[in-house]
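Q: Whatever this is, show me its structure:
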Amino acid sequence: MRKVLFVGPENQKNRVLADLQKLGVVEITGYTGERKNPNEANEVSGVSAERLLEVYNFLKRYKSETATPEPDPGKQVNKAVEEIETLRKELFSLQFSKGLISENIIKAEKWGSFDLEMLNDIQLRGNMVVQFWICAGKYECCLPEGFVSIEINSDNSRRYFVTVAVEKLELSECEEVRFETDLDILERELQDNLNRQKDIEKELKSFTVYLEILFSAYQRQLDRLSFEQARLQAGEALDGKLFTLQGWCPAGDYQELERSMKKQLVETVLVHPDPGEKEPTLMVNRGAAAMGTDLVNIYDTPSYRDWDPSSWVFFSFVIFFAMIIADGGYGLILLVISLFLKIRFRKAKAAMSRFINMSLILSIGTIVFGIASGAFFGLNENNKLFGWLISRRLFDGNEIGSMMNVSIIIGLLHVSISLLLKCFRTVKVFKNYISPFSQLAWIVVIWTYYIWCAYYKLPEQTYYALSGNFLYFFGGALAVVFLTSAGTFQPLKLIAGGLGGLYSMVQFFSDVLSYLRLFALGLAGSLLAQTFNGLALDIWKSGIAGMVFGVVIFLLGHTVNLALCIMSGVIHGLRLNFLEWYRWSFDGDGKAFKPFRLLIQEMN
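A: This next block holds a predicted model:
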């Protein structure tokens with residue numbers, strides 16, 4: 001990455017910025033010299049762009065799969081936006097009114113259908129008062145003598161009744177209900193409301209022909225805002241006769257940038273970053289490495305001094321995911337789902353396409369591990385479906401001793417690779433030729449200790465004879481760690497750095513043992529699968545009803561187990577990369593490269 005200073009005539013500034021935006025290889029940064037108006041940047045607003053995006057997202061709900069007519073060329077985007085927003089506001093108002101009307105209908109249904117206008121006329125002509133009441137218990141005791149009451153309805157907790165009297169009654173233990181509209185009118189209002197909603201939705205569907213135009217207008221507005229913000233980042237020189245601008249450019253694109261700027265009479269000068277300034281990180285990958293980049297960006301952007309960890313993260317994640325799922329049957333299910341997504345989204349965008357491809361690779365990896373370990377839906381080798389495959393397994397995935405050993409070896413290899421990468425990077429990037437010896441020494445320490453412990457089953461005399469040799473390697477490697485961890489031979493720094501380096505021993509052994517989760521999670525999924533199989537089989541034997549429930553338990557149990565296994569595979573498969581592996585080779589805390597570019601290419 002190169003930091004570039006642009007200097008050119010003030011009257012060419014807008015044209016230069018337009019060219020830079022079309023070129024799309026420079027990230028504009030604030031000029032640290034004299035600015036024309038530093039507070040002017042606050043005047044840039046994104047309200048219009050937000051409004052377009054809001055209307056676009058709302059209208060997208062009504063997009064039909066069937067072919068749509070071409071948009072009216074005479075209608076401007078602003079007018080279309082106004083009409084859509086008017087319809088949206090009316091629709092929201094109708095939906096709110098529908099809720100109120102529905103609540104009133106539910107209340108009115110308890111009293112049945114009656115004509116409120118006729119009832120009011122009867123009260124007026126008969127000189128009487130008709131009141132509607134709700135009471136939690138018996139209401140007869142609450143009524144004065146001589147008054148007429150009619151019970152209309154009742155439920156488990158309340159009774160609904162009507163009183164007819166000459167004067168208005170006050171019943172302290174009852175709740176009076178007043179009607180402004182009767183049930184028939186409410187139902188007509190609800191139907192009118194629903195009809196109007198359908199009309200509005202039909203109108204909105206007719207506007208979906210403008211979706212692409214709206215999105216293009218949104219992108220154009222963002223391009224304008226981006227251009228304005230870049231313009232405000234510029235500085236001035238020679239009393240405003242020259243403009244100055246700073247930015248970052250990938251090293252591979254600098255020559256093209258320089259040629260383009262010379263045509264505009266603009267001088268490009270390579271400058272040093274400011275003290276403490278972060279250089280942007282640009283990761284350009286293809287294939288499997290691009291999928292790894294997606295995984296890396298979940299956690300953190302690598303520092304510009306880091307080596308791109310995308311490929312390492314991807315391949316180790318595939319292995320960890322397969323070991324945690326640890327079932328070829330589940331891998332087959334994931335493969336079917338992935339193939340369905342591949343067919344269903346044949347024209348998916350790049351990110352979605354990479355996700356589907358990653359799912360395919362993960363499912364194939366899981367199937368391969370399932371075949372090797374003889375694990376298919378927790379079944380044994382006596383079953384007719386997968387028994388022939390299980391009987392030919394290379395190893396037993398549920399054998400505790402060997403699988404724990406394999407998990408620790410994988411941890412040792414993973415951490416050792418991390419240390420080797422840190423060793424090479426320290427030499428190449430930082431030109432430090434002392435500290436790398438500490439990384440190499442730690443590899444010797446962790447492997448020596450593992451092999452030493454692995455030989456404990458040997459005869460006692462042989463074991464003690466070998467232990468002396470192991471102690472030489474172990475102690476010598478720790479001495480190298482102490483002497484080289486500080487990266488210098490100044491006495492005080494050497495002692496402080498050496499003691500700090502030796503303290504890392506606790507972290508090393510903790511990290512290596514953390515890889516036991518590969519076996520533990522795989523075993524947990526296998527035992528759950530076997531448990532659901534046992535439950536389903538026991539119920540299956542109890543008759544026809546048992547067969548039905550047995551199938552339900554089998555399907556539901558394995559669905560839940562598969563979901564748990566996928567969560568474990570993703571979370572812990574990434575965790576071993578982002579914590580245990582990153583700790584020894586990855587600095588992180590980087591800033592992603594965000595070029596000043598056009599989101600939409602203008603048509604000539």
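Q: OK, contacts around Asn380?
A: 387, 390 (Cβ atoms under 8 Å, 6 or more residues apart in numbering). Just so you know, the C-beta spots here come from the backbone N, C-alpha and C atoms, and that holds for glycine as well.
Q: distance of it from Arg575?
A: Using Cβ to Cβ, to the nearest Å, we find Asn380 at a distance of 32 Å from Arg575.
Q: and what of Ala477?
A: Here the criterion is Cβ to Cβ. By it, Ala477 lies 28 Å from Arg575.
Q: These two - which one has more neighbours?
A: Under the neighbour definition other Cβ atoms under 10 Å, Ala477 and Arg575 were set side by side, and Ala477 has more, 22 against 15.
Q: Secondary structure element holding Tyr304?
A: Here Tyr304, judged by DSSP states H and E, is contained in no helix and no strand.
Q: just checking, it touches Lys278?
A: Yes - under the criterion of Cβ atoms under 8 Å, Tyr304 lies in contact with Lys278, with a separation of 7.3 Å.
Q: quick one: contacts for Leu458?
A: Leu466.
Q: er, Ser226 actually
A: Ser226 makes contact with 21, 596, 599, according to Cβ under 8 Å, 6+ apart.
Q: List only buried entries from these.
A: Burial of the contacts of Ser226 was assessed by neighbour count (16 or more other Cβ atoms under 10 Å); the buried members are 21, 596.
Q: tell me which of the contacts of Ser226 is nearest to Leu471?
A: Distances from those to Leu471 were compared by Cβ to Cβ; the smallest belongs to Phe596, at 60.4 Å.
Q: In which helix or strand does Leu419 reside?
A: With DSSP H and E as the test, Leu419 turns up in helix 400-428.
Q: Give me the buried positions along that helix.
A: For helix 400-428, the neighbour count (16+ other Cβ under 10 Å) marks 403-404, 406-408, 410-412, 414-423, 425-426 as buried.
Q: And the helix or strand where Gln461 lies, how far out from the chain middle?
A: With elements taken from DSSP H and E, the one containing Gln461 is helix 460-484. Chain-centre distance of helix 460-484: 47 Å, with Cα atoms, centre = their mean, to the nearest Å.
Q: contacting residues around that helix?
A: Contacts made with helix 460-484 from outside it, assessed by Cβ under 8 Å, 6+ apart, are listed as 434-438, 440-442, 444-445, 448-449, 451-452, 455-456, 458, 494, 498-499, 501-502, 504-505.
Q: Those residues in helices, which ones?
A: Among these, the members falling in helices (DSSP state H) are 436-438, 440-442, 444-445, 448-449, 451-452, 494, 498-499, 501-502, 504-505.
Q: returning to what we had before: can you put the contacts of Ser226 in CSV and add distance to Leu341 and secondary structure?
A: Putting the contacts of Ser226 into CSV (distance: Cβ to Cβ, whole Å; DSSP: H, G, I helix; E, B strand; the rest coil) gives the following:
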residue, distance to Leu341, secondary structure
Gln21, 36, helix
Phe596, 35, coil
Leu599, 27, coil
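Q: so which of the contacts of Ser226 comes closest to Leu334?
A: The nearest member of the contacts of Ser226 to Leu334, counting by Cβ to Cβ, is Leu599 at 35.0 Å.
Q: For the helix or strand hosting Asn78, name the packing helices and strands.
A: Using DSSP H and E, Asn78 sits within helix 77-109. Helix 77-109 sits against helix 47-60, helix 183-207, helix 211-233, with contacts defined as 3 or more Cβ pairs under 8 Å, 6 or more residues apart in numbering; DSSP states H and E.
Q: which one of the ones you listed lies closest to Ala136?
A: Closest to Ala136 of the helices and strands packed on helix 77-109 is helix 183-207 (Cβ to Cβ; 23.6 Å).
Q: just how off-centre is that closest one within its chain?
A: The chain centroid and the centroid of helix 183-207 are separated by 37 Å under Cα atoms, centre = their mean.
Q: Enumerate the positions of it that are buried.
A: Residues 183, 185-186, 189-190, 193, 197, 200, 204-205, 207 are the ones in helix 183-207 that count as buried (16+ other Cβ under 10 Å).
Q: Residues contacting that helix, please?
A: The contact list for helix 183-207 (Cβ under 8 Å, 6+ apart) reads 59, 62-64, 80, 83-84, 87-88, 90-91, 94-95, 97-98, 101-102, 104-105, 108-109, 111-116, 181.
Q: again, only using 6 Å
A: 62, 64, 84, 87, 91, 94, 97-98, 101, 104-105, 108, 113 (Cβ atoms under 6 Å, 6 or more residues apart in numbering).
Q: are any of those residues buried, and which?
A: Of all the contacts of helix 183-207 considered here, the ones buried according to neighbour count by 16+ other Cβ under 10 Å are 62, 84, 87, 91, 94, 98, 101, 104, 108.
Q: any idea how far the first one is from Gln219?
A: This means Tyr62. Separation of Tyr62 from Gln219 (Cβ to Cβ) stands at 21 Å.
Q: Same question for Asn104.
A: For Asn104, the distance to Gln219 under the criterion Cβ to Cβ works out to 46 Å.
Q: What of Gly475?
A: Computed with Cβ to Cβ, the distance linking Gly475 and Gln219 is 64 Å.
Q: with the buried residues of helix 183-207 in mind, which one is nearest to Lys342?
A: Lys205 (30.1 Å).
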